[in-house]
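>>> how would this look folded up:
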Amino acid sequence: MQRSRQAPAPVLVAAIAGLALGGCGGDKAALRTFAGGWQAHARSLNISRTGDGEESFSLGLSALVVQLRFHLSRPRGTPNDATARATVTAVRIGDRSVFSAAYPPPRAGESFRIRLHDGVITEPLTGTHYCGPGIDWPKAGCGA
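Here you go, the predicted structure:
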């Protein structure tokens, strides 16, 4: 007697496909890889799941140095070691004295590569390391 095989239920197939395509972890970086709130001493970086970011950098408690808005594209790598292209969409300068000819202020339209490695985002435009949740700030270079 031969048993007939039944195809898996459509709901089960849809659930498996959803996990595979939705990336429950996944092995490739995506814009959502960079999403979240990232912190450093007197600095903050917030990135949406769609790649829109805002960075604020101040000296002390209230003296704003610069506030940037940017958009990420071209994510590469893995969720633990990823890069993306960031294009500045808006800039607000609060303290021009921090900048010089050797270290000019950022400008709209400027692009740079942002890197995420082991829970730390490195942003080369301001030279800041931003720590994610659970990262030891002093060891990762996100502290004062």
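
>>> can you tell me, leaving aside adjacent residues, what's nearest to residue 28?
residue 78 (6.8 Å; Cβ to Cβ, 6 or more residues apart in numbering). Quick note: C-beta positions are derived from backbone N, CA and C, even for glycine.

>>> surely that neighbour and residue 116 touch.
No - shown here, residue 78 and residue 116 do not form a contact pair, counting by Cβ atoms under 8 Å, at 9.6 Å.

>>> I'd say residue 123 and residue 54 touch.
No - between residue 123 and residue 54 there is no contact under Cβ under 8 Å: 11.9 Å.

>>> residues in contact with the spatially most central residue of the chain?
Note on the chain: the residue nearest the mean C-alpha position is residue 34, at 2.9 Å, using Cα atoms, centre = their mean. Residue 34 is in contact with 47, 51, 53, 72, 75, 82, 84, 114, 116, 121, counting by Cβ atoms under 8 Å, 6 or more residues apart in numbering.

>>> how about the contacts made by the residue nearest to residue 28?
27, 28, 29.

>>> ok, which stretches of the chain are helices?
Along the chain, counting by DSSP state H, helices occupy 10-22, 137-140.

>>> weakest of the ones you listed in terms of mean pLDDT?
Ranked by mean pLDDT, these bottom out at helix 10-22, which scores a mean of 37.
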